[in-house]
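Enquirer: make a model of this:
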Amino acid sequence: MVLTLISIAFTLLIIFLIAKPVGLYIASVFDYQHSKMDKFFLPIEKLFYKIGGVKEDNQSWKQYAITLVGVNTFMILLVYFVFRLQGVLPLNPSNIAGMDPTLAFNTAISFMTNTNLQHYSGESGLSYLSQLIGILFMMFVAPGTALAVAIAFIRGLTGKEIGNFFVDLIRSITRVLLPIAFITSFIFIALGVPQTLDPTITAKTIEGIEQHIAMGPVGSFLSIKELGNNGGGFFGVNSAHPFENPNAISNVLQIILMFLLPVALPYTYGKMVGNLKQGRVLFVSMAMIFLVFLGTSLYQEYKGNPALNELGISAEQGSMEGKEVRFGTAQSIFYAITTTATETGAVNTMHDTLTPLTGMLALSNMLLNIVFGGVGAGFVNIIMYVMIAVFLSGLMVGRTPEYFGKKIEGKEMKLIALTLLISPFLILGGSALALFTPLGSDGISNPGYHGITQVLYEFTSSAANNGSGFEGLGDATPFWNISTGIVMFIGRFFGFVTMLAVAGSLASKRLVPETVGTFKTDTSLFGILFIVAVFIVGALTFFPVLVLGPVAEYLTL
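Expert: Here you go, the predicted model:
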C-alpha cells in the first residue's frame, strides 16, 4: 500500500514537472512568427496547404467556427461510409461485416468528437482498414480540432486575430500530436504491445479448445489514444487487456500521456497572454480539486463494502472486484480518476464495480469538465468558469467585470449562460428520456439507484466527450446509438461555437486601462474564487441527480 502510494506520488511529480516546458512549447507552436522548428515542419505543412488549397489568411470567429464544424461533419460522413462498407473493403483478414447503420452513426460521431464511446466490441467490430483509416485518423483530427479551438479562444481573449482553423489544425497534428505519438508508440511496442497486420491467431488450449487471439496495429493506436485524450480501446476491455496495457510501466506511461496536454495548457495560456501567473493559478486550482478527488476515491475503495465485510470478505479483497490484479486497487483508481478528469475515457478497471462515492467522483469529473479537462475542450470550459468567477467578483463590488482589459458585459454572459446550460440539458434530458421509456430502461442491468447511475454516466460521458462506460448497461441498441450520438455532437460543437463567439466579441472591444479597482486574476484569492464558482455553479446543477443515484446507493449499503 505504501509503495503504491509512493509510485502514484512519483508519477504526479513527473507530470507536474513536465507541464510547464510542454506548455511553453505548445505556445511557441502556435506563434505564427518564424522559429527554428520551421526548418523541419514548414515544408511538410506547406505541402498540406498546397494539396488542400488552404489560404493562410486570418479568419473571423464566424469563419473559424463554420470551418471547424463543416470539416468535422464532412469527416464524420466519410468515416461513416468506411464503417458501413468495411465488409467489402481491403485490410479485413478476419472478414468482419459492415457495421449496422445506427452503430456506424454512433461510432463515427463518437471518434470525431473526441469521445470514443464504444457500443461495439473493439477487436471484433472493426476491420484493420476501419481501425487505421477511420479510428486512427479521427484520433489525430479530433484532439487537433479541440487544441486549435483552445488556441483561437486564447488569442481572442487577448485581442489578437483568431487565426486560421486549417493552419492551427495542421500545426497541432504535425508539431504536437504526431511527434509525441510516434516516439511513445515505439516505447509501447518495446514494452510488449503488438503492432501487426496479421489476422487473428487461432490457438489450442491445454484442454484442446480453440481460442481466437485478436492482434492488430495496437502500438500506433495506443499512443494517440492516450495523448489525444481519445480513450477508445483497440480491444473491447480497453486498457485492462494485456496486449493494450501489458505491465505497470505501460500503465504509468498511459497516465502520463493522458495528463500531458491538459496540464500543459494552463502554461500555454499564461505564455500567450503574457502572464505566466495566470496559468499557474489555474494549474494549482485544478490540481487541488484533482488531489481531493483522488484521495477520497482511494479512501473509499480501501474502506470497502460493508455488505462484503459482513460476509467475512476483507476490505482489501472486496476492493479488487472488477479490477486487474496486475495493477491492484490503487493504480486502478488512479487511472479511473485520471481518465475522467482528463476526459480521456480509457479504462483499466470496470467503473461499474467502483464503490458508490468513487463512481460519483468519476462522474463529477465529467460533469464539471474542468479538472484539467481534455485537450482543448476542457480548457475552454475552464476559461468559461474563470469568466463566471470574474463576473461574480464584479457583482460583489458593484463594478463592470473586466478580463484582460476587456469588459465582460451582457452579450458575453448570455453566451456563457447558454454554454453552461447545454450540458445539463443534454445529460438530464437524455437520462430522463432513457429512464421514462422501455427503449432505454430495458438496458439497465442493475435495478434501483445503481441503474440510475448507469444511465446518468452514459449520457454524462457522451456530453463531456469522455467515452468511458459504467458498463453493465445494454447500450448496443438503436435507441442508445442514436440518442448518445446526438448528445455527443451537440455537446462537442455547441460549446465550441458559443465560446468562439465570446472570444470574437472580446477581441473586438477596446482595452480598458487597469486601475486600483481592477480585480486581479493572477492571485491565490482568485484561485479560491474560481474553485468556489465551479462548485456553486457547476456542482449544484447536478447535485439532485447525484443524490438519486450514487449518494442514495451509498446510504443504503
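
Enquirer: can you give me the strands for the stretch 1-150 of the chain?
Expert: Under the criterion DSSP state E, counting those that start in this stretch, the stretch 1-150 of the chain contains no strands.

Enquirer: before we move on, what about the chain?
Expert: 201-204, 210-213, 402-403, 406-407 (DSSP state E).

Enquirer: what's the spacing between Leu473 and Lys509?
Expert: Between Leu473 and Lys509 the computed distance is 46 Å (Cβ to Cβ, to the nearest Å). Yep, even glycine has a C-beta here, placed from its N, CA and C like the rest.

Enquirer: more neighbours, these two?
Expert: Applying other Cβ atoms under 10 Å to Leu473 and Lys509 shows that Leu473 carries more neighbours, namely 22 against 14.

Enquirer: any idea how far Val487 is from the nearest residue to the more buried one once chain neighbours are set aside?
Expert: Among residues not flanking Leu473 along the chain, Gln454 sits closest, at 4.5 Å (Cβ to Cβ, 6 or more residues apart in numbering). From Gln454 across to Val487, the span is 16 Å (Cβ to Cβ).

Enquirer: OK, contacts around the nearest residue to Leu433 once chain neighbours are set aside?
Expert: Nearest residue to Leu433, sequence neighbours excluded (Cβ to Cβ, 6+ apart): Gly440, at 6.5 Å. Counting by Cβ atoms under 8 Å, 6 or more residues apart in numbering, Gly440 makes contact with Leu433, Ala434, Val455, Phe479, Trp480, Ser483.

Enquirer: out of these, which end up buried?
Expert: Ala434, Val455, Phe479, Trp480, Ser483 (16 or more other Cβ atoms under 10 Å).

Enquirer: next up, the contacts around the first one.
Expert: The neighbourhood of Ala434, defined by Cβ under 8 Å, 6+ apart, consists of Gly440, Ser441, Gly443, Val455, Glu458, Phe459, Phe479, Trp480, Ser483.

Enquirer: can you list these in TSV and add pLDDT and distance to Ile15?
Expert: Shown next, in TSV, are these (pLDDT from 0 to 100; distance: Cβ to Cβ, whole Å):
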residue	pLDDT	distance to Ile15
Gly440	91	38
Ser441	91	40
Gly443	89	37
Val455	94	33
Glu458	95	29
Phe459	96	30
Phe479	96	39
Trp480	96	34
Ser483	96	35
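
Enquirer: take these and write them to a markdown table, including distance to Thr202.
Expert: Shown next, in a markdown table, are those (distance: Cβ to Cβ, whole Å):
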| residue | distance to Thr202 |
| --- | --- |
| Gly440 | 38 |
| Ser441 | 40 |
| Gly443 | 33 |
| Val455 | 38 |
| Glu458 | 35 |
| Phe459 | 39 |
| Phe479 | 36 |
| Trp480 | 32 |
| Ser483 | 38 |
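
Enquirer: helices - which of those residues land there?
Expert: Counting by DSSP state H, the part of those found in helices is Gly440, Ser441, Val455, Glu458, Phe459, Phe479, Trp480, Ser483.

Enquirer: in CSV, list these along with distance to Ala377.
Expert: Formatted as CSV, the ones in helices among the contacts of Ala434 follow (distance: Cβ to Cβ, whole Å):
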residue, distance to Ala377
Gly440, 26
Ser441, 30
Val455, 23
Glu458, 19
Phe459, 17
Phe479, 26
Trp480, 23
Ser483, 21
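
Enquirer: distance check, Ile490 against Thr515.
Expert: 41 Å.

Enquirer: of these two, which one has the most company?
Expert: Using other Cβ under 10 Å as the criterion, Ile490 and Thr515 rank with Ile490 on top: 17 against 8.

Enquirer: so what's that one closest to, chain neighbours aside?
Expert: Computed as Cβ to Cβ, 6+ apart, the closest residue to Ile490 that is not its neighbour in sequence is Leu426, at 6.2 Å.

Enquirer: of all residues in the protein, which one is nearest the centre?
Expert: Centre of the chain computed as the mean C-alpha position; nearest residue by Cα atoms, centre = their mean is Glu343, 2.3 Å away.

Enquirer: contact partners for that residue?
Expert: Glu343 makes contact with Asn114, Asn229, Pro262, Met366, Asn369, Gly373, Gly374, Ala377, Gly378, Ala464, Asn465, Asn466, according to Cβ under 8 Å, 6+ apart.

Enquirer: how close does it sit to Ile255?
Expert: For Glu343, the distance to Ile255 equals 14 Å [Cβ to Cβ].

Enquirer: cool, Gly549 as well?
Expert: Counting by Cβ to Cβ, the gap from Gly549 to Ile255 is 27 Å.

Enquirer: can you check Pro478 too?
Expert: Separation of Pro478 from Ile255 (Cβ to Cβ) stands at 36 Å.

Enquirer: so the two - more neighbours on which side?
Expert: Ile255 (25 against 14).

Enquirer: that one reaches Ser332, doesn't it?
Expert: No. Using Cβ atoms under 8 Å as the test, Ile255 is too far from Ser332 to be in contact (11.3 Å).

Enquirer: low-scoring stretches of the stretch 251-400 of the chain, by residue?
Expert: Low-confidence segments of the stretch 251-400 of the chain (pLDDT under 70): 304-319.

Enquirer: same deal with the chain?
Expert: 1, 304-319.

Enquirer: pop the domain breakdown of the chain in here.
Expert: The chain is divided into the following domains under automatic domain parsing: 15-269, 375-555.

Enquirer: how long is the last one end to end?
Expert: The reference is to domain 375-555. 36 Å (Cα to Cα, to the nearest Å).

Enquirer: again, but for the longest one
Expert: The first residue of domain 15-269 is 18 Å away from its last residue (Cα to Cα).

Enquirer: next one: it to chain centre, how far?
Expert: Centre-to-centre, domain 15-269 and its host chain are 12 Å apart (Cα atoms, centre = their mean, to the nearest Å).

Enquirer: going forward, begin numbering at 804 instead of 1
Expert: All right, first residue 804 from here; so that's domain 818-1072.

Enquirer: how far away is the closest residue to Thr1008 other than its chain neighbours from Pro1045?
Expert: Closest residue to Thr1008 apart from its sequence neighbours, by Cβ to Cβ, 6+ apart: Gln1014 at 5.5 Å. Noted for Gln1014: a distance of 14 Å to Pro1045, by Cβ to Cβ.

Enquirer: contact partners for the closest residue to Gly1307 other than its chain neighbours?
Expert: If you skip the residues right next to it in sequence, Gly1307 has Trp864 as its closest partner in space, 3.0 Å away by Cβ to Cβ, 6+ apart. By Cβ under 8 Å, 6+ apart, the residues touching Trp864 are Ala955, Gly959, Ile965, Leu1303, Ala1304, Ala1306, Gly1307, Ala1310.
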